[in-house]
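Q: I need the structure of the sequence given here:
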Amino acid sequence: MRKEHTYTSNVVWTGNRGEGTGSYKSYDRTWEIRTPGKPPIPCSNDPLLGGDPALHNPEDLLLSALASCHMLWYLHLASNAGIAVSDYQDTPVAVGETEPSGAGRFLRATLRPKITVPVGTDVAKANAIHQKIHKYCYIARSVNFPVSYEAAYLQVDAE
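A: Presented below is the predicted three-dimensional model:
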């Protein structure tokens, strides 16, 4: 039986310099994501569109959400498979395009996790887990662009 889940967020525009959107250049493209009980996340538009490069933008957040969801499912499925992961870091990359009208979209994303496992781990078995995750991850199941995986494994002696 399927269960529905509800997620909420509070997105608050912080870029009003006093005259609102009186003109295209009169306001900042900044906001905060405020989720109850959690620290706010300051955000800005993509730097290609005049945003602050020091702040997260929607594209950063979507790619990070995709990689994070994949990581959490990988850890879960690795644990179920008896694979002891001691470190997991990802440097995902996404490719997008912008049309002359300004409309944009992601074309594809590649997750590139570096995963540390004990010496003797069956790396083929560890790598096969990535192909199963798309069946479970909320984010991966929700995006309409292809996601590929280029995992690297470091085998270390157990301490």
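
Q: quick one: contacts for T121?
A: By C-beta atoms under 8 Å, 6 or more residues apart in numbering, the contact list for T121 reads 83-84, 153, 155. Glycine gets a C-beta too; all of them are placed from N, C-alpha and C.

Q: got the domain boundaries for the chain?
A: Per the record, the chain has its domains at 10-49, 58-156, by automatic domain parsing.

Q: Go through those and name the closest to R2.
A: domain 58-156 (13.1 Å; C-beta to C-beta).

Q: Need the residues that contact the longest helix along the chain.
A: Using DSSP state H, we find that the single longest helix of the chain is helix 58-80. Helix 58-80 has contacts (C-beta under 8 Å, 6+ apart) with 43, 46, 56, 84-85, 88, 90, 92-94, 96, 106, 109, 111, 113, 115, 126, 129-130, 132-133, 136-140, 143, 147, 149.

Q: just the helices in the chain please.
A: 58-80, 123-133, 138-142.

Q: middle-most residue in this structure, spatially?
A: With distances taken as C-alpha atoms, centre = their mean, S64 lies nearest the centre of the chain, 1.9 Å away.

Q: one step back: so the longest helix of the chain versus helix 123-133, what angle?
A: 130 degrees (axes from the mean of the first three to the mean of the last three C-alpha atoms, to 10 degrees).

Q: What mean pLDDT does helix 58-80 get?
A: Over the span of helix 58-80, the pLDDT mean works out to 97.

Q: Equivalent analysis for stretch 21-37, please.
A: Here the average pLDDT along stretch 21-37 is 92.

Q: likewise stretch 2-9?
A: 89.

Q: Figure out the length between the terminal residues of it.
A: From its first residue to its last, stretch 2-9 covers 23 Å (C-alpha to C-alpha, to the nearest Å).

Q: In that stretch, which residues are buried?
A: Buried residues in stretch 2-9, counted by 16 or more other C-beta atoms under 10 Å: none are found.

Q: Show me what the longest strand along the chain is packed up against.
A: Taking DSSP state E as the criterion, the chain has its longest strand at strand 104-111. Counting contacts by 3 or more C-beta pairs under 8 Å, 6 or more residues apart in numbering; DSSP states H and E, strand 104-111 is packed against helix 58-80, strand 93-98, strand 147-149.

Q: Sweet, I'm off.
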